[in-house]
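Peer 1: generate coordinates for the sequence data below:
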Amino acid sequence: MNLWMRLRAGVLLAFVVAASGCASIYVDGTTKEVPAAQFKKPATARPVQVLFEFQTKGVANARATDLLKARVVEQVKASGLFSTVAETPVDGGALLSITLNNVPLTDDAFTKGFITGFTFGLAGSQVSDGYVCTARYLGGPAAAPVTKQARHAIHASLGVSGAPANAVKADNATAAAQTMTQQVISNVLNDLSQDAQFK
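Peer 2: This is a model prediction of the structure:
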């Protein structure tokens, strides 16, 4: 086998290893879930319409939105902050808009994965994705908006790279996304509940 054929075979193997799903997924441990029991409940709960959108680098990601939307709506319902939660307009016009934006934290993730695959997993690398959750609440058409924001991250270790510090291993990428979403949304809901403008 000549040099070109060996190099070509090595590159092909690198892609197979990098794409084979042999990554360990971790949810960052910095952002903890805030139990709904700690939220400051309003004196009189009101109905609210909830809108949720998942974004990737600021662009709507319909597949991820569909994956997480029902869980987000249920979490808002379970918060105890509203009398009813609907996905359509409600009496009084209150609206809670939640956006979860996936932003890269690790530069050149493709190259890192490629190098890990090319060295048969011996080099190891870590890729991290950041998530910025923004909750914007309008108590009614004439009310001033109340905006809260929280951040989170998910890490993937490729090859023999060790576990990230202060992180919890997830069973898979879907479980990691669901846990991260639950935790980060609990933080924005808690911050919203503590704001004097939340009525």
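Peer 1: and Q75, what are its phi and psi?
Peer 2: phi -70, psi -40 (degrees, to the nearest 10).
Peer 1: ok, and the closest non-adjacent residue to it?
Peer 2: I185 (5.7 Å; Cβ to Cβ, 6 or more residues apart in numbering). Quick note: C-beta positions are derived from backbone N, CA and C, even for glycine.
Peer 1: could you export the helix or strand containing the one you found as PDB, CA atoms only?
Peer 2: Per DSSP states H and E, I185 falls inside helix 173-194. Provided in PDB are the C-alpha atoms of helix 173-194 (Å, rounded to 0.1, in the frame of the first residue of the first chain):
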ATOM      1  CA  ALA A 173     -27.400  13.500  24.200                       C
ATOM      2  CA  THR A 174     -31.200  13.700  24.500                       C
ATOM      3  CA  ALA A 175     -31.100  13.100  28.200                       C
ATOM      4  CA  ALA A 176     -28.400  15.800  28.600                       C
ATOM      5  CA  ALA A 177     -30.500  18.300  26.600                       C
ATOM      6  CA  GLN A 178     -33.500  17.500  28.700                       C
ATOM      7  CA  THR A 179     -31.600  17.900  32.000                       C
ATOM      8  CA  MET A 180     -29.900  21.100  30.900                       C
ATOM      9  CA  THR A 181     -33.200  22.600  29.800                       C
ATOM     10  CA  GLN A 182     -35.000  21.700  33.100                       C
ATOM     11  CA  GLN A 183     -32.200  23.200  35.100                       C
ATOM     12  CA  VAL A 184     -31.700  26.500  33.100                       C
ATOM     13  CA  ILE A 185     -35.400  27.200  32.900                       C
ATOM     14  CA  SER A 186     -35.800  26.600  36.600                       C
ATOM     15  CA  ASN A 187     -33.300  29.400  37.100                       C
ATOM     16  CA  VAL A 188     -35.000  32.000  34.900                       C
ATOM     17  CA  LEU A 189     -38.400  31.100  36.400                       C
ATOM     18  CA  ASN A 190     -37.000  31.600  39.900                       C
ATOM     19  CA  ASP A 191     -35.400  34.900  38.900                       C
ATOM     20  CA  LEU A 192     -38.700  36.000  37.300                       C
ATOM     21  CA  SER A 193     -40.600  35.100  40.500                       C
ATOM     22  CA  GLN A 194     -38.300  37.200  42.700                       C
END
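Peer 1: understood, closing this out.
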